[in-house]
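Q: My questions are about this predicted structure, shown below with the sequence.
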Amino acid sequence: MSAAPVLALRGVSKRFGAVQALTDVDLEIRAGEVVALVGDNGAGKSTLVKTVAGVHPIDDGTVEWKGRPVEINRPHDAQDLGIATVYQDLALCDNLDVVANLFLGRELRRGGVIDEVAMEKRAKELLDTLSIRIPSVRIPIASLSGGQRQVVAIARALIGEPEVVILDEPTAALGVEQTAQVLDLVERLRERGLGVILISHNMADVKAVADTVAVLRLGRNNGVFPVKETSHEEIIAAITGATDNAVTRRQQRTAEAAS
Amino acid sequence: MTDTVKKTDTPPALDDSAAPAPVTDPRLLVREQGFRGYVTEFKRKVRGGELGSIPVVLGLILIAVIFQSQDSSFLSPDNLSNIGIYIAGPGIMAVGVVFVLLLGEIDLSVGSVAGVGAAVWAVLSTVHGIDDGVAVLCAVAAGAAIGTVHGFFFAKVGVPAFVVTLAGFLGWSGLQIWLMGSEGTINTPRGSLVEQLTNFFFDDIAAAYGLALVAVLGYLASMLLDSRRRREASLPYRPLSEVALRTGLLALVAFTAAYQLNQARGLPLALVIFLAVLVIADFVSRRTSYGRQIFACGGSTEAARRAGINVERVRITVFMIAGTLAVVGGLFIASQSGGATKSLGAGNVLMNVIAAAVIGGTSLFGGRGKIWSALLGMLVIQSIMQGLNLLGMASEIQYMITGAVLLAAVVLDSVSRRTQKTAGRA
Ligand SMILES: Nc1ncnc2c1ncn2[C@@H]1O[C@H](COP(=O)(O)OP(=O)(O)OP(=O)(O)O)[C@@H](O)[C@H]1O
Ligand SMILES: [Mg+2]
């Protein structure tokens, strides 16, 4: 992986009132690479995602897109660059139907008028390949289950032809089959040459699809590891900040109890 | 959309051969084909709290029956024609209010903005002798400017809309009284544009029937075209029986109305303009990206923002629309009452306009509603007022009854929203 990164964060800081959510964070994503972003609850992962997506503009540091510094102040800016984001809190409009949500902000038009037929057709095709079971693409989001909403949110990110896709805990609400589908999808995105940032608390998922693991701890970088050469324990140690942590202690206890 | 470099706009997931064939969920409520399916679907919707226009239509029938039994002139062509003219002004204002309600906000200033608009027109055209048409344009522009001011304070400064427009309610009626100060009342000059608004009739009977025919054929054609496109794309489409039923109902209503209008003085210009405003506003709200953005902002502001929608722009323009339509409505009211006064748009105008939008089925909670609710709701309110007038009831009784009807509509809105929640549709 020597190619120049598509998206690079350099020394990014973000502050919410009294909380310094991010301090001097660096992150690089290359085309065709899956970067897993891991860290404990409140480590700042979602905040990092939102700064890149333009929801919260950064206070300090620079964001580079294909080697060129860019300003991302609004979600629109990120979308124009080619960054698609699936937020942890989904951000769908409950009152609109599935089709309207999928195409929100970039409706297909035909002579200036919204082309419902074309949108519905493409929505169906896309949802079918994600093998989602939704009663109908014409029912409001409000009537979908949490997992169904999650997949709609993921499908939404894929509609705008992105170059970098950010998935903030995409499998958190999904069943086994849908989780496997999403992981497959992540691999397909990589094969297509897209850059993917995957946030997950599930180490098995991370090890299965990611090329690189970037660890955040208390809003700071705490190491970037190539997945193949790094053990589970090393990652956990970086997340918790100690080799002696709750996870290793628990493992020891269960090992002792078993022997 | 800048997908020029990319060879295909197929989403990345599409080239997957490993994905299992789409499975239909056996729990799905599949709609039966044909007319039976239509009826079952309809029943299911009603039980789920999606009442749509049913309560209003039932209400209108009830109103007609009650007043007709008290006074047989209620359903006379003259009375119906008057209702058709009187709904135009407040109805156009209600269209603006529907836009604001869709956004999940409220505009309490439409009454005084209507008053200011009428005052601006009257002072410019009669006191300063400016050309009538130019004066009308100035008044409408003033409405747009006032709405933009409201929108600015709401969207950019972040003041709650009801406070901004409450301040506007007071402030603009002050301006109206100041503008009318030296005169008090300015009568509409004979033959002026504004006088024509509610006093011009297309008295050739072909006009009313022609309009009805155009409406029915246009509706039929658009539904058939839509059905054909959907069938070609192998998407579910409206069965022919449903298309026929809907067209039949519209034809019944349209031609009955045309007949009644022709029995009176012919097709009123006021009604034509009101219908045109409705059709255009309905088109904008349902068929354009801008309309979709309004619904999105009313449903979830944050989701709309993250979808790249310029929420501030949507908010400002919606208040601008409300201000503009308020002035247009105000000119109709001036035309109908014979001139601009210090109190035009005061009293129950504001309440009637908001009530009309809500009674017609637009939710106070944002993101749900239809432009046509302005027409249906205004019909309910105006029918009640006309009926009570015929029976010689004093205005205090009218206030109480209109208040009760508004309360009933809001209760219905809240209850149906709750039912929709438990039925998983809100
Ligand atoms: N909008 C906000 N306003 C104020 N503080 C915030 C806001 N968003 C996040 N924070 C703070 O920033 C810190 C990082 O939060 P963030 O949501 O990025 O964590 P996370 O790593 O995504 O955690 P999780 O794994 O639970 O999703 C937390 O301390 C949180 O309280
Ligand atoms: Mg998070």
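A: Happy to help now that I have it. Ligands and ions are numbered 1, 2, ... in the order given.
Q: Report the secondary structure state of A:Asp40.
A: coil (DSSP: H, G, I helix; E, B strand; the rest coil).
Q: Please name the residues that touch it.
A: A:Arg217, A:Ile239, A:Thr240 (C-beta atoms under 8 Å, 6 or more residues apart in numbering or on different chains). The way it works is simple: take the backbone N, C-alpha and C, and place the C-beta from them, glycine included.
Q: Okay, and which of the residues you listed map to strands?
A: A:Arg217 (DSSP state E).
Q: Let me have the contacts of A:Asp40 in CSV, adding neighbour count and pLDDT as columns.
A: Formatted as CSV, the contacts of A:Asp40 follow (neighbours: other C-beta atoms under 10 Å in any protein chain shown; pLDDT from 0 to 100):
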residue, neighbour count, pLDDT
A:Arg217, 17, 89
A:Ile239, 22, 84
A:Thr240, 18, 83
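Q: which of the contacts of A:Asp40 come close to ligand 1?
A: Taking C-beta under 6 Å from any ligand atom as the test, ligand 1 is in contact with none of the contacts of A:Asp40.
Q: Now for B:Leu252, how many residues are close by?
A: When counting by other C-beta atoms under 10 Å in any protein chain shown, one arrives at 11 neighbours for B:Leu252.
Q: Please report how far it lies from B:Ala212.
A: 10 Å (C-beta to C-beta, to the nearest Å).
Q: do the same with A:Leu194
A: The gap separating A:Leu194 from B:Ala212 is 56 Å, by C-beta to C-beta.
Q: ok, now A:Ile132?
A: On the measure of C-beta to C-beta, A:Ile132 and B:Ala212 end up 46 Å apart.
Q: go on, A:Asp26?
A: 69 Å.
Q: Looking at the two, which one has more neighbours?
A: B:Ala212 (21 against 14).
Q: Can you tell me the element that one falls in?
A: Taking DSSP states H and E as the definition, B:Ala212 sits inside helix B:205-232.
Q: does any part of that helix sit near chain A?
A: Yes. In terms of C-beta under 8 Å from any C-beta of the partner chain, part of helix B:205-232 sits within range of chain A, namely B:Asp226, B:Arg229, B:Arg230.
Q: And that helix, what does it pack against?
A: On a contact count with 3 or more C-beta pairs under 8 Å, 6 or more residues apart in numbering or on different chains; DSSP states H and E, helix B:205-232 meets helix A:116-129, helix B:240-263, strand B:267-268.
Q: Could you list every helix and strand in contact with the longest one?
A: In this structure, helix B:240-263 makes packing contacts with helix B:34-47, helix B:77-86, helix B:205-232, strand B:267-268, judged by 3+ C-beta pairs under 8 Å, 6+ apart.
Q: Run through who's touching the shortest one.
A: What that stands for is strand B:267-268. B:81, B:84-85, B:88, B:198, B:200-203, B:207-208, B:211, B:258, B:261.
Q: Also stretch A:102-113?
A: Residues contacting stretch A:102-113 (C-beta under 8 Å, 6+ apart): A:79, A:93, A:96, A:114-115, A:118-119, A:122-123, A:126, A:152, A:155-156, A:159-160, B:1, B:287-289, B:292-293, B:296, B:303-304, B:307-309.
Q: Let's see which of those end up in strands.
A: A:Ile114.
Q: Tell me the buried residues within the contacts of strand B:267-268.
A: B:81, B:84-85, B:88, B:198, B:200-202, B:207-208, B:211, B:258, B:261 (16 or more other C-beta atoms under 10 Å in any protein chain shown).
Q: Could you check how far the residue in the stretch 51-200 of chain A that ligand 1 sits nearest to is from ligand 2?
A: Residue nearest to ligand 1 within the stretch 51-200 of chain A: A:Gln88 (5.6 Å; C-beta to the nearest ligand atom). For A:Gln88, the distance to ligand 2 (C-beta to the ion, to the nearest Å) stands at 5 Å.
Q: B:Arg292 now?
A: Counting by C-beta to the ion, the gap from B:Arg292 to ligand 2 is 29 Å.
Q: One more: B:Gly360?
A: 42 Å.
Q: Would you confirm that that residue contacts B:Ile371?
A: No. Counting by C-beta atoms under 8 Å, B:Gly360 does not reach B:Ile371; the two are 9.1 Å apart.
Q: Overlap in contacts, the two.
A: B:Val98.
Q: quick one, which of the helices and strands packed on helix B:205-232 is nearest to ligand 2?
A: In terms of C-beta to the ion, the element of the helices and strands packed on helix B:205-232 nearest to ligand 2 is helix A:116-129, at 25.4 Å.
Q: quick check: angle from that closest one to helix B:205-232?
A: 20 degrees (axes from the mean of the first three to the mean of the last three C-alpha atoms, to 10 degrees).
Q: is chain B contacted by helix A:116-129?
A: Yes. Helix A:116-129 is in contact with chain B by C-beta under 8 Å from any C-beta, via A:Val117, A:Ala118, A:Glu120, A:Lys121, A:Arg122, A:Lys124, A:Glu125, A:Leu126, A:Leu127, A:Asp128, A:Thr129.
Q: For the buried ones among these, write the corresponding ChimeraX selection.
A: Here the buried members of these are turned into a ChimeraX selection, burial being counted by 16+ other C-beta under 10 Å:
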select /A:117,118,120,121,122,124,126,127,128,129
